[in-house]
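> Task: produce atomic coordinates for the following.
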Amino acid sequence: MNPSQFPKSTTSEKRQASFTRVLEEIGAPTHDLLRIDLAALSDLSPAQLARFQAVWQEIPHERRQDLAAALLELSEDRFDITFNDIFRWMLHDEDARVRSLAIEGLWEDTNSRQITPLISLLRNDPVAEVRAAAALSLGRFVLLGELEEIDVQAAARVEAALRRAYRDDEYDPTVRRRLLESLAYSGEDDIEEYILEAYNGDNPDMQISAVFAMGRSANKRWRPIVLAELSSANDAIRFEAVRAAGELGLKGAVPDLIDLLGESDVELRDSAIWALGQIGGQQARRALRVCAKSEDEDLREAALESLAELDLFADLEDLETLYIQ
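Model prediction:
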């Protein structure tokens, strides 16, 4: 028989074969996870998810952590795949690191059904790392509520849970930081008091989160503080002030941000470039254009990205002007 006469495998059959092969490779401890086509685990059917769960139970804890981390990294790199069903199941894993990675993996899932398990983890998980991850993840639902993109009652439920937890003195300091950062999305007046109290307190880590929260809040009240903290002796606070200046569109910060373009600290320098792209204006644009001609490839690429964002904002403003006219 001519080979061309053999029936061709359907796409579904090929996908099933690929899925089966990946399960076998995952179950082999000596098989390098980096060489496995984990994309085959995207969008699993209920039956496939059950098969994955069975294999998962048989592999060592360390490999489970590595696999969860690999799935997270792949989901961040590829917009065309999702492991949400796997991550939702991992929320109940016995390993705290796996639970934390699962929470992070569900970051793009804006379905309100995530609220209940996240609140449960925030309240009841025995490990601070997991509670902190849950607190941070719930923040997106506060933002969605402010944008009126989820049910009002669902958003109110999230805010109430975060407030209740923040007022609880028994919470780990790291958890409290994430709670404050998530509550910063809320437009309620009492959140301003939370931020100010943390900023004026004697806990340096909470002060860092307070400056972060100032930027996230989009509240003009914080502009003088953010501007002052651009000169902070505390590197972490200065870094958050740079980000906050960008988020607040703080034009008065442009000269300070330009001064940071020569920083040896690459993260701080790149953050300043990002902030200039958010603030805009002729002075910021000129500085970014100079950076875009740099021989430093990383600096050049960061500047080009910010310039592209400035151009996008300008195009949107032009469209809005035309629409209004």
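
> So which helix or strand of the protein has the lowest pLDDT on average?
Using mean pLDDT, DSSP states H and E, helix 297-324 stands out as the lowest-scoring helix or strand of the chain, at a mean of 73.

> Let me see the ranges of the helices in the stretch 101-250 of the chain.
Counting by DSSP state H, counting those that start in this stretch, the stretch 101-250 of the chain has helices at residues 115-124, 128-146, 152-166, 173-183, 189-200, 204-217, 223-229, 235-247.

> can you redo the ones you listed as CSV with distance to residue 56?
All C-beta atoms are positioned from the backbone trio N, CA, C, and that covers glycine. Conversion of those to CSV gives the following (distance: least, CB to CB, whole Å):
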stretch, distance to residue 56
helix 115-124, 18
helix 128-146, 18
helix 152-166, 29
helix 173-183, 28
helix 189-200, 40
helix 204-217, 35
helix 223-229, 45
helix 235-247, 37
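
> Could you pull out the buried residues of stretch 81-88?
Residues of stretch 81-88 classed as buried under the neighbour-count rule (16 or more other CB atoms under 10 Å) are 82, 83, 84, 85, 86, 87, 88.

> what's the answer for stretch 51-67, then?
Residues 52, 56, 63, 64, 65, 67 are the ones in stretch 51-67 that count as buried (16+ other CB under 10 Å).

> could you measure residue 268 against residue 205, distance?
As for residue 268, its distance to residue 205 is 18 Å (criterion: CB to CB, to the nearest Å).

> typo on my end, it should be residue 171
13 Å.

> go on, residue 98?
Distance from residue 98 to residue 205, counting by CB to CB: 26 Å.

> right, so of the helices of the stretch 101-250 of the chain, which gets closest to residue 259?
The closest of the helices of the stretch 101-250 of the chain to residue 259 is helix 235-247. By CB to CB, the value is 10.9 Å.

> quick one: the closest one to chain centroid distance?
Distance, stretch centre to chain centre, for helix 235-247: 17 Å (CA atoms, centre = their mean, to the nearest Å).

> Give me the contacts around it.
In this structure, residues lying in contact with helix 235-247 by CB atoms under 8 Å, 6 or more residues apart in numbering are 204, 207-208, 211-212, 214-216, 218, 222, 226-227, 229-232, 250, 253, 256-257, 260, 265, 267-268, 271-272, 274-279.
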